[in-house]
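Novice: Okay, sequence plus prediction incoming.
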Amino acid sequence: MTDPTLAPAPNEPKVSWLQTLKIYAEPASLRMLSLGFSAGLPLLLVFGTLSFWLREAGIDRTTIGFLSWVGLAYGFKWVWSPLVDRMPIPLLTRALGRRRSWLVLSQVVIMVALVCMSMTDPQVSLAPVVWCAVAVAFASATQDIALDAFRIESADVQHQAALAATYQTGYRLAMIWSGAGALWIAARAEVPAAVAGAAAPYQHGPWQIAYLVMGLSMLPGVLTVLLSREPVAAPIAPSKGVRQWLQAALIAPFADFFKRYRWQAALILGLIACYRISDVVMGIMANPFYVDMGFSKDEVAAVTKVYGVIMTLVGAFVGGALALRMGVMRVLMLGAVLSAVTNLLFAWLSTRGHDVTALIWVVSADNLASGIASSAFIAYLSSLTNVQYSATQYALFSSMMLLLPKFVAGFSGKYVDAFGYADFFNSTALLGLPVLLLVWLASRVRTQAPTSTPTPTPTPMPPSAD
């Protein structure tokens, strides 16, 4: 049976499309748009954009694939999520509150690490770039922990799909800026070949400028946190000693989840672990693929910036609106199907050579599918959390979402070297088939309301405290 919070009640009066869309103009949704941008910015700077930079610098595909394991920081963030959930930061927490203090700290670390990253040429020394990428990944994962809790605590259950949609829109816009935008900046900063010389096609200076700009692009997120109110979180009872603190911070959040779902917890975690595997594994080799197919930075930037932005916005808003009207599980199934199909389109693209028109169609379809799937998936994960342990539980879910895909993705470069791009993209599409069965089985699980903290009562769209 599906959870009544995830599907529209049969006797409820239908909400008009105008009322549905108005929720996106609320202050809470707009603030989540900015914070979603801050969350999405670092991701490609240690994955897709970095892989383009490294491939252009002559780093081999196998090394690039293994370097994607930097992303395992996102898969293990549940390990330190209890600290983010409960541990105060000296001075900062008193001034800003529990959630905002962790957000600001992680955002500043990301900025500093990106600036340091820009100062090193991977063609000369790869290790400093890798260590800076590790710092960005860990700080970004920490920002995700605090921000997911911030979002969940800022609105009732009925509004989570809308906040997820605007968060996802900001997230995707940031990924376009840190992907296409970074490529566009680097292309504009290149010295013409006549000046640089035919023997020097790779230039570090343009990438240095691009990463410096990306570091500064974290500033709007910092300002949004500083100008926002701290959400009203569930009160934390003072702990009597280290043992009680460990019980409350480390054990209780996970025990609560398994107590509510029992054996069905394995099914839910299995779905979470596999849902985005097609996209994540494929995405590691996307930019090296563009380089090897002869697409320039300008071409990739133009296609992903124009068509990617439009289709991402359409996908995110359609996914959020459909989740409100049809229920999250139906949209999850739709997203799983679309994610697998768009990977097949990349296999087709690999047979086309340098075909910009084909690239436009494939990138557009991929962004549309990703936007739809992600909006529904975030709303589904949010519905599983107990607000008393929102940071820790959501970190567990989002970590599970990335752990297996990121591990498998580490071997993507080796697979491409052995079998070629077409076989690789076809294989990533096949990885999505078990997801369809898992979504169907999970749709028959009733989401259990937490017993320790009452489910937030839906209210008529008040301004939230985020």
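Specialist: That came through, no problem.
Novice: Let me know how buried I185 is, in neighbour terms.
Specialist: By the other CB atoms under 10 Å criterion, the neighbourhood of I185 contains 20 residues. Just so you know, the C-beta spots here come from the backbone N, C-alpha and C atoms, and that holds for glycine as well.
Novice: Let's see the pLDDT reported for the nearest residue to it once chain neighbours are set aside.
Specialist: Closest residue in space to I185, ignoring its immediate chain neighbours: A210 at 4.3 Å, by CB to CB, 6 or more residues apart in numbering. On pLDDT, A210 comes in at 95.
Novice: now do P460
Specialist: The predicted local confidence for P460 is 28.
Novice: got it, and the one 4 residues further on?
Specialist: We note a pLDDT of 31 for S464 in this prediction.
Novice: now V124
Specialist: V124 is given a pLDDT of 91.
Novice: Now do the buried residues in the host helix or strand of I268.
Specialist: Per DSSP states H and E, I268 falls inside helix 264-274. Under the neighbour-count criterion of 16 or more other CB atoms under 10 Å, helix 264-274 has 264-265, 268-274 buried.
Novice: How far off centre is whichever helix or strand comes after that helix?
Specialist: Downstream of helix 264-274, the next assigned helix or strand under DSSP H and E is helix 277-284. From the chain centre to the centre of helix 277-284 is a distance of 12 Å (CA atoms, centre = their mean, to the nearest Å).
Novice: Same check on stretch 54-70?
Specialist: With CA atoms, centre = their mean, you get 21 Å for stretch 54-70.
Novice: Make residue 1 into 699 and carry on from there
Specialist: Okay, using 699 as the starting number, the last item reads as stretch 752-768.
Novice: Quick one: end-to-end distance for it.
Specialist: One end of stretch 752-768 to the other measures 14 Å (CA to CA, to the nearest Å).
Novice: got the buried residues for that stretch?
Specialist: 752-755, 757, 759-760, 762-763, 765-768.
Novice: I would like the residues contacting that stretch, please.
Specialist: The contact list for stretch 752-768, computed with CB atoms under 8 Å, 6 or more residues apart in numbering, reads 744-745, 748-749, 819-821, 824, 828, 831-832, 835, 900, 902, 982-983, 985-986, 989-990, 1104-1105, 1107-1115.
Novice: Residue ranges in the stretch 699-848 of the chain under the pLDDT threshold?
Specialist: Across the stretch 699-848 of the chain, residues meeting the criterion (pLDDT under 70) sit at 699-725.
Novice: let's see 50
Specialist: 699-707 (pLDDT under 50).
Novice: how many neighbours does L914 have?
Specialist: 12.
Novice: The nearest residue to it once chain neighbours are set aside: how many residues sit nearby?
Specialist: Leaving out its chain neighbours, the residue that sits closest to L914 by CB to CB, 6+ apart is M809, at 7.6 Å. M809: 22 surrounding residues under other CB under 10 Å.
Novice: roughly how far apart are R792 and G1006?
Specialist: Taking CB to CB, to the nearest Å as the measure, R792 and G1006 are separated by 42 Å.
Novice: which element is the residue nearest to I883 on?
Specialist: Secondary structure (DSSP H and E) places A908 in helix 902-914.
Novice: could you dump the helix or strand just after that helix to CSV, C-alpha only?
Specialist: Next along the chain after helix 902-914, taking DSSP H and E as the criterion, comes helix 917-925. The C-alpha trace of helix 917-925 is given here as CSV (Å, rounded to 0.1, in the frame of the first residue of the first chain):
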residue,chain,number,x,y,z
LEU,A,917,28.9,33.8,-2.1
PRO,A,918,25.1,34.0,-2.9
GLY,A,919,24.5,30.8,-0.9
VAL,A,920,26.5,32.2,2.1
LEU,A,921,24.4,35.4,2.0
THR,A,922,21.2,33.5,1.8
VAL,A,923,22.1,31.5,4.9
LEU,A,924,23.1,34.7,6.8
LEU,A,925,19.8,36.4,5.8
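Novice: What residues sit buried inside helix 917-925?
Specialist: Judged by neighbour count (16+ other CB under 10 Å), helix 917-925 contains these buried residues: 918-920, 922-923.
Novice: Stretch 822-833 now?
Specialist: 824, 827-828, 830-833.
Novice: Can you give the contact residues for it?
Specialist: Outside stretch 822-833, the residues touching it (CB under 8 Å, 6+ apart) are 743-744, 748, 752, 757, 765, 768, 771, 807, 811-812, 814-815, 818, 820, 902.
Novice: before we move on, back to that, measure how far the helix holding A908 is from the centre of its chain, please.
Specialist: 22 Å.
Novice: Ok, stretch 961-972 next?
Specialist: Taking mean C-alpha positions (CA atoms, centre = their mean), stretch 961-972 and its chain are 19 Å apart.
Novice: Between R792 and G1006, which is the more surrounded one?
Specialist: Each of R792 and G1006 has its neighbours counted (other CB under 10 Å); G1006 has more, 27 against 10.
Novice: related to what we said a few turns ago, distance to A1021 added to the buried residues of helix 917-925, as JSON lines?
Specialist: JSON lines is the format used below for the buried residues of helix 917-925 (distance: CB to CB, whole Å):
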{"residue": "P918", "distance to A1021": "27"}
{"residue": "G919", "distance to A1021": "25"}
{"residue": "V920", "distance to A1021": "30"}
{"residue": "T922", "distance to A1021": "25"}
{"residue": "V923", "distance to A1021": "27"}
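Novice: The one helix or strand A771 maps to packs against which elements?
Specialist: Using DSSP H and E, A771 sits within helix 770-773. Packed against helix 770-773 by the contact rule (3 or more CB pairs under 8 Å, 6 or more residues apart in numbering; DSSP states H and E) you find helix 824-850, helix 1088-1107.
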